[in-house]
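S.K.: have a look at this prediction, sequence included:
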Amino acid sequence: MTAPLTVGFLTPYSSTYPYYAQHLFTGWLLGMELDPVRQRTIQFVQEYTNLGSTSDTETAARKLLFFNRVDVISGLISYKAIPDMTPLIDRERKPAFFFDMGEHVPYFPMLHPDIFYASHQLWQSQYALGYWAQKTYGNGGHIIMPVYEAGYHLNSTFQQGVGAAGGTQMQVTVVPFDPNDPNRMELSGFFDRLAKDPPPYVHAIFSGNRGIVFLKKWLGSGFHKKIPLLVQETMAYEDIIADIKHIDLELYTAQQWIREAESKPNQLFVKRFENLAKQPANIYSLLGYEAGLIWKEILPHALKKNWDTVKAHLREGVIAGPRGEKNFFPHSGFALPTTNILKLTTSGNKTHKLILDQGKGMRFDAQEFELIHRESDSGWQNPFLCY
């Protein structure tokens, strides 16, 4: 019997999606057309990385590579951890296949030929939303975000989209962080500013429970439906807004994947995952499924430990997945995702989505993004939503 392919998975903690790893593994195996319950071809070996700091990630990777002797190193990581991981990958010469939400724009002056990325590219939807906001509402929008979200490139790429559409003015409010009460959100000053100087729109960048807290405060502020509210992608996910779907909510967002999309590849994915998991498909199950589609093609070579062939295919391979073409090697140029600009309303415990436009995408190595790396460097090491 052929020995299973062992995949070491670096697993940080996420209060927002505590079961993301299980959803990702299930999607990965389904994409490879393996039965997640009965298969013995792939063995996932998890190693906890706390909040995903560089040091915790490197320590866990060392254990997986040098003690567990896994065949492939994977996991949910921040790009900040890559420089410390590279010597380990150089030593082993095995493929590294990492996942991320796309909270940072990739920037690798020296791209590594053995490191691959299944990235959701959140920065793409932020750029597209900013471009659309400027074209639709004009100058002077107001961004609001907590300190945590301000440590990523989500606001920077939104502003780059605004600038690409001709925008020259932007207001920004950063909500102070209370270490004694992380979910405390004092917005009276922000609402006072809106009353005195109403912007053409507000763009909110929150994550997890803080997003729900903000939306509830917005609904009671008197500005709901008077000033258009644009939210970053994850704030509008179905599983995030489930608790407030009974409220008459109206907002705008940009999303790269819509669960209800009618394409055959998407409907196949949603049906297979939901029939097995008995819960709605989410973004992590999608990321896993897309990974599975490329690994299905290289599995025979991986089982034979033919790593040169595996890596060569990962560098050039493109899959046709639930949301279109996707590839996994930045140097070959990430396939530009289709970003839909949505008007989202809720009523009667139901969500209604109306596609208004298709967003504008950018290559990760576009010159416009160099400014982000020069001026938006931060010490945030944990992957987005891992807190």
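M.R.: Yep, it's here.

S.K.: please report how far Asp197 lies from Asn340.
M.R.: Going from Asp197 to Asn340 by CB to CB, to the nearest Å gives 31 Å. Glycine gets a C-beta too; all of them are placed from N, C-alpha and C.

S.K.: so between those two, which is more surrounded?
M.R.: Here Asp197 and Asn340 are compared on neighbour count by other CB atoms under 10 Å; more neighbours surround Asn340, at 22 against 10.

S.K.: nearest residue to the more buried one in space, please, no chain neighbours.
M.R.: Excluding the flanking residues, the one nearest Asn340 by CB to CB, 6 or more residues apart in numbering is Ile355, at 5.0 Å.

S.K.: and after the longest helix seen in the chain, which helix or strand comes next?
M.R.: Across the chain, the longest stretch assigned as helix under DSSP state H is helix 283-303. Following helix 283-303 in sequence order, the next helix or strand is helix 307-316 (DSSP states H and E).

S.K.: show me the shaky parts of the stretch 51-200 of the chain.
M.R.: The stretch 51-200 of the chain contains residues with pLDDT under 70 at 108-110.

S.K.: cool, and the stretch 251-387 of the chain?
M.R.: Along the stretch 251-387 of the chain, segments meeting pLDDT under 70 span 375-378.

S.K.: show me the helices in it, by range?
M.R.: Secondary structure of the stretch 251-387 of the chain (DSSP state H, counting those that start in this stretch): helices at 264-277, 283-303, 307-316, 370-375.

S.K.: now swap in the stretch 1-150 of the chain and tell me
M.R.: Assigned by DSSP H, counting those that start in this stretch, the stretch 1-150 of the chain shows helices spanning 20-31, 54-62, 82-92, 122-137, 147-150.

S.K.: elements contacting the longest one?
M.R.: Identification of packing neighbours for helix 122-137 by 3 or more CB pairs under 8 Å, 6 or more residues apart in numbering; DSSP states H and E yields helix 154-164, strand 202-204, strand 249-255, strand 340-347.

S.K.: can I get those in a markdown table with distance to Pro83?
M.R.: Shown next, in a markdown table, are the helices and strands packed on helix 122-137 (distance: least, CB to CB, whole Å):
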| stretch | distance to Pro83 |
| --- | --- |
| helix 154-164 | 21 |
| strand 202-204 | 32 |
| strand 249-255 | 31 |
| strand 340-347 | 35 |
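
S.K.: quick one: closest of those to Thr2.
M.R.: strand 249-255 (40.1 Å; CB to CB).

S.K.: by how many degrees do the closest one and helix 283-303 diverge?
M.R.: Inter-element angle recorded for strand 249-255 and helix 283-303: 20 degrees (by axes from the mean of the first three to the mean of the last three CA atoms, to 10 degrees).

S.K.: tell me what strand 249-255 is packed against?
M.R.: Here strand 249-255 touches helix 122-137, helix 208-219, strand 229-231, strand 340-347, going by 3+ CB pairs under 8 Å, 6+ apart.

S.K.: now the helices of the stretch 251-387 of the chain in TSV, with distance to Lys360 and mean neighbour count?
M.R.: Shown next, in TSV, are these (distance: least, CB to CB, whole Å; neighbours: other CB atoms under 10 Å):
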stretch	distance to Lys360	mean neighbour count
helix 264-277	22	16
helix 283-303	21	22
helix 307-316	26	16
helix 370-375	16	13
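
S.K.: now distance to Thr59 too, for these, in JSON lines please.
M.R.: Putting the helices of the stretch 251-387 of the chain into JSON lines (distance: least, CB to CB, whole Å) gives the following:
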{"stretch": "helix 264-277", "distance to Thr59": "31"}
{"stretch": "helix 283-303", "distance to Thr59": "24"}
{"stretch": "helix 307-316", "distance to Thr59": "24"}
{"stretch": "helix 370-375", "distance to Thr59": "27"}
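
S.K.: between those helices, which one is closest to Ile212.
M.R.: Here helix 283-303 is closest among the helices of the stretch 251-387 of the chain (CB to CB), at 17.3 Å.

S.K.: stretch 48-63: which residues count as buried?
M.R.: 49, 52-54, 56-58, 60-61 (16 or more other CB atoms under 10 Å).

S.K.: now do it: distance from first to last residue.
M.R.: Chord length of stretch 48-63, first to last residue, is 11 Å (CA to CA, to the nearest Å).

S.K.: ok, stretch 177-193 next?
M.R.: 19 Å.

S.K.: just list the residues touching the most centrally placed residue in the chain, thanks.
M.R.: Note on the chain: the residue nearest the mean C-alpha position is Met101, at 2.2 Å, using CA atoms, centre = their mean. By CB atoms under 8 Å, 6 or more residues apart in numbering, Met101 lies in contact with 119-120, 122, 234, 283, 383-385.

S.K.: from those, pick the one nearest Asp181.
M.R.: Taking CB to CB as the measure, Leu385 is the one of the contacts of Met101 closest to Asp181, at 20.1 Å.

S.K.: what is the burial count for the closest one?
M.R.: Residues lying near Leu385 (other CB under 10 Å) number 20.

S.K.: with adjacent residues omitted, what lies nearest to it?
M.R.: Nearest non-adjacent residue to Leu385, counting by CB to CB, 6+ apart: Thr16, 4.6 Å away.

S.K.: quick check: the one you found touching Gly211?
M.R.: No: using CB atoms under 8 Å, Thr16 is not in contact with Gly211, being 9.1 Å away.

S.K.: could you name every residue contacting both of these two?
M.R.: Common contact partners of Thr16 and Gly211 (CB under 8 Å, 6+ apart): Ile240.

S.K.: more neighbours, the two?
M.R.: The neighbour comparison of Thr16 against Gly211 (other CB under 10 Å) goes to Gly211, with 24 against 18.

S.K.: cool, thanks, signing off.
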